[in-house]
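Student: Here you go, sequence then predicted model.
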Amino acid sequence: MFKLKERNSNIKTEVLAGLTTFLTLAYIIVVNPMILSDAGVPFDQAFTATIIAIIVGTLCMALLANYPIVIAPAMGLNAYFAYSVLGTHDISYTVAFSAVFVTGIIFILLSLTSFRSKLIEAIPNNLKHAISAGIGLFITFIGLRLSGVVTQHESNLVTLGSFRDPSVALTLVGLVITIVLIVRNVQGAIFIGMIVTAIIAFFTGQLEINGLVSTPSLPEGIIVANPITSIADVINYGLYGVVFSILLVMLFDTTGALLGIVRQAGLLKENKLEKSGSAFFADSIGTTVGAMFGTSPTAASVESSAGVGAGGKTGLTALVVAILFLITAFFSPLIGAVSNVAAITAPSLIIVGSMMIKSINEIDWTHFDESFPAFLVIVAMPLTSSIANGIALGFIAYPILKMARGKFREVHPFVYLFAALFLYQLIFLA
């Protein structure tokens, strides 16, 4: 089934690769429910839904596409869902999950056609890189704010928090521990750093543990189940911009991660992705199922590259990861206690943000008509606390500058369409 001999691999290597990926990505089952619960989603609901989405998406990737790639809630999209969608729209999280569900359905339909690849090709590369960098800054800002390292200021809006604050001190200690592990090339550095920080928090009285194991539960059951009702929610609350923003980020995140990891594993033949439809289907079904149970959009995780680096080349690696996440479903009391201490999870947000911003190197800064829209995307996301706003401003500025230089024919018609939609959203739907 997994073509181990054909890909020059074996069961032992694939299992070890799966364990490596799991340790590298395990932080997500703490951070993702923490972010969602901060926006009002019950922690147990978000925790179990996160694991369900990972298992369903990853099993599809393992069994249908045979790639060593894990599908998991995307960092950045969870922040967008919690702080932009729920933070700026007067809606319940059930309505917000309807928008995610509709996006997942659209994503599934796109995965069955060539439209997805054509849409990606239409987006200027500089805007793609800027979106990733902007999300990185946004995530970092969230980590700094939740932990108190950055705090409110009456006149300057934000300022540096007090280093005497226990939360700030614990965050900085955890950050130092984690970055030291990273530079020492320790596998699963972020997860191990989180564990060490949690131990310190426990002995300093900041972490209280009232239980370790419990049966997985969904307090509110299935949140979204009816596509017709979900579409009606999107229409009634004018969530078109939300659906479009999530769709764009999912397109870039998943496609970029898929191509990068498959190329790293040496499985990209003639610069083409085999079974691309199955691979794209896996992340879209993860988003759809995740929204039904109560978690933010999923994507192919870049952390999967850790397992590939350890020798993983087949879906067996992903299958091992899915099994390990299934086991963690029984430890919600412990993980819930850890997530309640922002200083434990904040270092992971800061570090993941720093990793995402490296795409800024790929932006063409020599031409103003290319660099300024990218700049708007990057700065607007953290300053407006909205991924959608950053994307909107960049897509509106890009065709304007191109037309000013007489290069309007170089702009793909899709970009003009996106710019018009975003402009309409900001004027009439904001």
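Tutor: Thanks, I have it.
Student: and S217, backbone torsions?
Tutor: The phi/psi pair for S217 (degrees, to the nearest 10) reads phi -140, psi 150.
Student: Would you map the strands across the chain?
Tutor: 71-73, 150-153, 157-160, 298-300 (DSSP state E).
Student: which secondary element of this protein has the worst mean pLDDT?
Tutor: Least confident helix or strand, the chain: helix 115-122 with a mean of 71, by mean pLDDT, DSSP states H and E.
Student: shaky segments in this protein?
Tutor: 116-117, 120, 252-253, 256, 270-273, 429-430 (pLDDT under 70).
Student: Spell out which residues sit in contact with the residue nearest in space to the middle of the chain, please.
Tutor: Geometric centre of the chain, nearest residue: A74, 1.6 Å, by CA atoms, centre = their mean. With contact taken as CB atoms under 8 Å, 6 or more residues apart in numbering, A74 is in contact with 249-250, 253, 296-299, 301. Just so you know, the C-beta spots here come from the backbone N, C-alpha and C atoms, and that holds for glycine as well.
Student: any idea which of these has the most stuff around it?
Tutor: With neighbours taken as other CB atoms under 10 Å, the top of these is T298, carrying 36 neighbours.
Student: The spatially closest residue to it that is not a sequence neighbour - how many residues pack around it?
Tutor: Of all residues not flanking T298 in the chain, G286 sits nearest, at 3.7 Å (CB to CB, 6 or more residues apart in numbering). For G286, the neighbour count with other CB under 10 Å is 33.
Student: residues contacting G286?
Tutor: Counting by CB under 8 Å, 6+ apart, G286 touches 53-54, 56-58, 60, 71-72, 298.
Student: If we use 6 Å, what do you get?
Tutor: 53, 56-57, 71, 298 (CB atoms under 6 Å, 6 or more residues apart in numbering).
Student: Now flag whichever of those is closest to L127.
Tutor: Distance to L127 across these (CB to CB) is lowest for T298, with 22.5 Å.
Student: Let me know whether that closest one touches G57 as I believe.
Tutor: Yes - using CB atoms under 6 Å as the test, T298 is close enough to G57 to be in contact (5.3 Å).
Student: which neighbours do the two share?
Tutor: With CB under 6 Å, 6+ apart, T298 and G57 have common neighbours 71, 283, 286.
Student: what's the closest of the residues you listed to P373?
Tutor: D283 (26.9 Å).
Student: picking up where we left off before, how far away is the residue nearest to T298 from S217?
Tutor: 21 Å (CB to CB, to the nearest Å).
Student: which non-adjacent residue is nearest the residue nearest to the centre of the chain?
Tutor: Among residues not flanking A74 along the chain, A299 sits closest, at 4.0 Å (CB to CB, 6+ apart).
Student: Is the one you found bridged to anything, and to what?
Tutor: For A299, the beta-bridge partners are A72 (DSSP bridges).
Student: if I read this right, S147 contacts T171, doesn't it?
Tutor: Yes - S147 sits in contact with T171 when judged by CB under 6 Å, with a separation of 3.9 Å.
Student: who touches both of these two?
Tutor: Shared contacts of S147 and T171, defined by CB under 6 Å, 6+ apart, comprise 343, 346.
Student: Report the contact partners of D283.
Tutor: The contact partners of D283, taken as CB under 6 Å, 6+ apart, are 57, 71, 254, 298-300.
Student: And those residues, which two are furthest apart?
Tutor: Spatially, the most separated pair among these is G57 and T254, at 10.3 Å (CB to CB).
Student: re the thing from before, let's have the contacts of G286 in JSON lines, adding distance to G40.
Tutor: Formatted as JSON lines, the contacts of G286 follow (distance: CB to CB, whole Å):
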{"residue": "A53", "distance to G40": "19"}
{"residue": "V56", "distance to G40": "24"}
{"residue": "G57", "distance to G40": "24"}
{"residue": "I71", "distance to G40": "25"}
{"residue": "T298", "distance to G40": "20"}
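Student: Can you tell me which of the residues you listed comes closest to L157?
Tutor: The closest of these to L157 turns out to be T298 (CB to CB; 33.0 Å).
Student: so how far is I69 from that closest one?
Tutor: T298 sits 12 Å away from I69, going by CB to CB.
Student: quick one: which of the contacts of G286 has the most company?
Tutor: Among the contacts of G286, the one with the most neighbours (other CB under 10 Å) is T298, at 36 neighbours.
Student: chain center to stretch 345-354, what's the gap?
Tutor: Stretch 345-354 sits 12 Å away from the centroid of its parent chain (CA atoms, centre = their mean, to the nearest Å).
Student: Likewise for stretch 184-192?
Tutor: Its chain's C-alpha centre and that of stretch 184-192 lie 20 Å apart, by CA atoms, centre = their mean.
Student: What are the buried residues along it?
Tutor: Neighbour counts over stretch 184-192 (16 or more other CB atoms under 10 Å) mark 187-192 as buried.
Student: Can you give the contact residues for it?
Tutor: With contacts defined as CB under 6 Å, 6+ apart, stretch 184-192 is touched by 20, 23-24, 26-27, 181-182, 348.
Student: residues contacting A133?
Tutor: Listed by CB under 6 Å, 6+ apart, the contact set of A133 reads 357, 359-360, 378.
Student: make it 8 Å
Tutor: Residues in contact with A133, defined by CB under 8 Å, 6+ apart, are 356-360, 363, 377-378.
Student: Max pairwise distance over those residues: which two?
Tutor: Within the contacts of A133, two members stand farthest from each other by CB to CB: K358 and V377, at 15.5 Å.
Student: Which one's more surrounded, the two?
Tutor: Ranked by neighbour count (other CB under 10 Å), K358 and V377 place V377 first, with 30 against 12.
Student: ok, the more buried one to G311 distance?
Tutor: 37 Å.
Student: Then I335?
Tutor: I335 is 29 Å from G311, by CB to CB.
Student: same check, this time on F43
Tutor: From F43 over to G311 the distance is 36 Å, taken as CB to CB.
Student: Then V411?
Tutor: V411 is 44 Å from G311, by CB to CB.
Student: And V41, by the same measure?
Tutor: Here V41 is placed at a distance of 37 Å from G311 (CB to CB).
Student: what do you get for I69?
Tutor: Remark: distance between I69 and G311 (CB to CB) = 14 Å.
Student: quick one, which of those two is more surrounded?
Tutor: Taking neighbours as other CB under 10 Å, I69 and G311 compare with I69 leading, 34 against 18.
Student: How far does stretch 306-320 stretch from one end to the other?
Tutor: With CA to CA, to the nearest Å applied, stretch 306-320 spans 14 Å between its terminal residues.
Student: I am finished for the moment; much appreciated.
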